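Colleague: Sequence plus the predicted model coming up.
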Amino acid sequence: EPLPTVRLASQVLAHKLGIQTAEVTEETHAHQLIANAETAYDANHYADITPRVAGFIREVKVDLGQAVKQGDVLCVIDSAGVSAAKAQYISSNAALKLAQATAERTQSLARSGAVAGKAELEVLTALNQAQTSVMDAEQKLRNLGFGDPELAQILKAKDTRNLLSVVAPIAGTVVLRHAVKGEAIQPTTQLFAVADSA
């Protein structure tokens, strides 16, 4: 809504109040503000990249300022922890297959009365433990960034190699690089930072 109009009783009253009038003119002002500031990347388009495992950097594939796509390999880690996690996954899957075969055979014998109910309960307990071991081993590998295709390949090829590829979680530019070939690293070591400033 428009503001109300205020009228004074006289020019003398306006003068007493210190109100002055002037014609409207156009002027150029060059205002300048000096202050401390900090610049930062948009947190929604920025990623700190850590290896999630202890080991040594075997190979560095990108450099500072390089553009990368999501999923590009930034470096390769040599880690005994990766090999141990793969071996656990392979052995737990083998144990699960054995437990499943044993459970099927025992349940068949239990139905015919050839074995006691206690024996059936024991093999079912062993089957549950084997399933839990597989889930635990699988989760360890998923935490390291292995997906379904990689997990299937590990079982198929019985792959226990100790190499882990560290990949870019987002597309952008490498704005920080601490990775050096041969360097010993921990799971929380910051190797790279990628920012999408587009």
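Modeller: Good, I have the coordinates.

Colleague: How about the residue nearest the centre of the chain, nearest residue that isn't a chain neighbour?
Modeller: With distances taken as CA atoms, centre = their mean, the chain has Pro169 as the residue nearest its mean C-alpha position (6.6 Å). In space, and not counting its chain neighbours, Pro169 is closest to Ala47: 4.8 Å by CB to CB, 6 or more residues apart in numbering. No exception for glycine: its C-beta is placed from N, CA and C like everyone else's.

Colleague: Phi, psi for that neighbour please.
Modeller: In terms of degrees, to the nearest 10, the main-chain angles of Ala47 are phi -140, psi 130.

Colleague: quick one: secondary structure of Thr160?
Modeller: coil (DSSP: H, G, I helix; E, B strand; the rest coil).

Colleague: give the contact list for it.
Modeller: Ser83, Lys86, Ala87, Ile90 (CB atoms under 8 Å, 6 or more residues apart in numbering).

Colleague: Kindly report the same for Gly81.
Modeller: Per CB under 8 Å, 6+ apart, neighbours of Gly81: Val53, Ala54, Gly55.

Colleague: Over to Gly71?
Modeller: Val167, Ala168.

Colleague: Show me what counts as buried in the longest helix seen in the chain.
Modeller: Longest helix in the chain, counting residues (DSSP state H): helix 80-111. For helix 80-111, burial by neighbour count (16 or more other CB atoms under 10 Å) applies to 81-83, 85-90, 92-93, 95-96, 99, 102-103, 106, 110.

Colleague: Now do Val180 against Pro187, distance only.
Modeller: Look at Val180 and Pro187: by CB to CB, to the nearest Å, they are 17 Å apart.

Colleague: Look at these two and report which has more neighbours.
Modeller: Just comparing Val180 and Pro187: by other CB atoms under 10 Å the higher neighbour count belongs to Pro187, 14 against 11.

Colleague: Serialize the contacts of Thr160 to TSV and add fields for distance to Val175.
Modeller: Converted to TSV, the contacts of Thr160 look like this (distance: CB to CB, whole Å):
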residue	distance to Val175
Ser83	32
Lys86	32
Ala87	37
Ile90	38
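
Colleague: out of the residues you listed, who's nearest Leu141?
Modeller: Lys86 (7.0 Å; CB to CB).
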